[in-house]
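Trainee: Pasting a predicted model and its sequence here:
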Amino acid sequence: MFLGRFHASLSRKLCTIKNTFPKVLRRSDLPTRSYSTLLAFGDASWGMTGQDPLLGSKSVYDPEKVDGLPSDLSKIITGPMHNLAVTENGRLWGWGRNSEGQIRGMVREDWEEPGITTRGNFQAPIEISGPWVDLGRRVVEAAASGVVSYAIDCKGDLWSWGYSKRGQLGLGVGITQATQPQLVPALSGLNVVSISAGWGHTLCRTESGLVYAWGYSTKGRLGFEMPGSAPPTEERLCASRASDAADAVSRADVFINEALEEEEAQLAAAIVWDPTCIQSLANVKVAHVACGMDHSLVVSEDGSLFAFGEDRDGQLGPQLHRNASNRDWAMRTLFLEEPVLTATAGMSHTVVVTKEHKIYTLGSNFGGQLGRQDRGAIGEVVANASVKPWSSIAAGRAHTMALAANGTLWAWGSGYNGRLGTGGSDEEPSPVEVDMLQGENILQVACGHDYTLVLCE
């Protein structure tokens with residue numbers, strides 16, 4: 001949570017003095033502690049829960065400890081299928097899917113199919129050492145997409161590694177692979193303070209409150225539209241050389257090849273390779289950014305919520321002021337009954353916490369992840385009076401988790417693979433308490449696509 005630019009500036013000045021690493025107050029509101037435990041449940045297919053899927057079940061129904069992590073964890077970060085963890089002394093750990101080198105760089109010289117790796121995935125956490133170590137800096141923030149990892153050091157520099165054809169590395173035109181953490185040059189000196197990654201796009205916030213975006217730009221998910229980012233129309237695809245072919249099979253082959261060429265051309269045109277400032281938000285003091293699979297959320301310091309990107313399932317909310325020039329995915333402001341404190345995004349749903357500590361949800365509800373019975377575009381999630389106010393939220397592909405101020409953890413949505421922590425796989429259309437964690441001092445909850453991590457003291 002943002003605690004002031006003075007603290008941010010001071011912490012960077014101190015982060016390399018005498019190799020001591022004082023607490024960076026603006027990065028986290030978690031208290032200093034001597035011992036932490038990480039619990040996991042849900043889909044274990046890529047080792048995300050810390051268990052080897054080849055040696056046992058690919059589903060974890062009861063919360064289980066993730067072994068191999070240090071005891072001073074301060075923050076956990078989930079991507080769709082891999083995780084990162086930051087310790088209080090600034091070390092970075094990772095585990096889960098590594099097919100694109102998003103945890104530790106690939107070593108295979110002939111790398112044509114990034115979905116296959118000789119290194120395999122990491123069911124046990126490993127420490128990630130980047131250039132920040134040699135510079136005497138500590139990691140203070142991190143983020144994970146499906147294929148790329150990011151780390152922010154205490155000087156505000158951003159590092160990225162992994163493999164992305166959609167420009168998520170942010171390292172420059174045409175750079176799709178980084179086997180080791182690389183400095184993102186376009187953001188050097190801008191003091192990055194927070195970051196969030198979707199499936200093919202990324203947003204970050206600088207100390208000055210500006211938002212930068214990069215990666216795949218279609219449907220306006222970057223906050224601006226690139227020329228050529230609209231999908232090809234049927235007419236364009238059909239106006240091909242296929243009619244010149246001699247027979248139906250040849251015509252089909254020509255059509256398929258042209259369609260693939262068109263798709264690649266559209267992909268290239270839609271990629272923003274370098275972090276680019278969202279100019280429409282340049283006069284907004286931004287406090288928080290969040291990315292869903294294909295949509296983006298920005299919360300301002302005054303509690304306004306801006307949403308843009310894919311809106312197929314209504315995850316952006318009602319478009320109250322639309323004219324003929326607007327796209328369905330154009331940036332819009334969500335108007336709620338009270339100012340917004342924070343927001344998070346699942347694959348295609350949005351979860352909002354207001355400054356009155358109420359939860360509102362919108363978007364896809366195919367697994368019950370909205371946690372409410374009403375069919376309105378936006379609605380409040382209500383468990384019972386004893387759990388208010390809510391303190392934090394997390395969203396997966398089809399499930400949502402929320403931590404109440406009284407320390408209880410609540411879950412709703414799809415229970416498949418045990419991702420709700422209730423011991424079964426039943427869908428829960430409204431909030432239920434995770435009884436197996438009663439009595440635990442829960443510090444943070446985070447959701448991957450189909451699993452959940454809970455950090456306890």
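Mentor: Received the coordinates, thanks. Numbering: from 1, shown residues only.
Trainee: In the stretch 51-200 of the chain, mark out all the helices, start to finish.
Mentor: 131-134 (DSSP state H, counting those that start in this stretch).
Trainee: which stretches of it have low pLDDT?
Mentor: By pLDDT under 70, the low-scoring segments of the stretch 51-200 of the chain are 53-56, 106-120.
Trainee: ok, 80 please
Mentor: Low-confidence segments of the stretch 51-200 of the chain (pLDDT under 80): 52-57, 105-121.
Trainee: Check the secondary structure at Ala268 for me.
Mentor: helix (DSSP: H, G, I helix; E, B strand; the rest coil).
Trainee: Retrieve the pLDDT associated with it.
Mentor: In this model, Ala268 is scored at 70, pLDDT.
Trainee: burial measure for it, as a count.
Mentor: 13 (other CB atoms under 10 Å). For every residue, glycine as well, the C-beta is placed using N, CA and C.
Trainee: Tell me the spacing between it and Ser217.
Mentor: Computed as CB to CB, to the nearest Å, the Ala268 to Ser217 distance reads 11 Å.
Trainee: And Trp410, by the same measure?
Mentor: In terms of CB to CB, Trp410 sits 36 Å off from Ser217.
Trainee: With Pro181 instead?
Mentor: From Pro181 over to Ser217 (counting by CB to CB), the distance is 25 Å.
Trainee: Also Cys204?
Mentor: For Cys204 relative to Ser217 (CB to CB), the value is 16 Å.
Trainee: Could you do Thr49 as well?
Mentor: On the measure of CB to CB, Thr49 and Ser217 end up 33 Å apart.
Trainee: okay, these two: which has more neighbours?
Mentor: With neighbours defined as other CB under 10 Å, Thr49 and Ser217 compare such that Thr49 has more, 32 against 26.
Trainee: OK, contacts around the more buried one?
Mentor: Taking CB atoms under 8 Å, 6 or more residues apart in numbering, we find Thr49 in contact with Ala40, Phe41, Gly42, Asp43, Val60, Glu64, Val66, Tyr451.
Trainee: tell me the two of those residues that are most distant?
Mentor: With CB to CB as the measure, no two of the contacts of Thr49 lie farther apart than Asp43 and Val66, at 14.2 Å.
Trainee: any chance you could map the strands in the stretch 201-350 of the chain?
Mentor: Secondary structure of the stretch 201-350 of the chain (DSSP state E, counting those that start in this stretch): strands at 201-206, 211-216, 271-277, 286-291, 295-300, 305-309, 332-334, 340-345, 349-354.
Trainee: Determine which of these approaches Gln102 most closely.
Mentor: Short answer: strand 201-206, nearest of the strands of the stretch 201-350 of the chain by CB to CB, at 12.9 Å.
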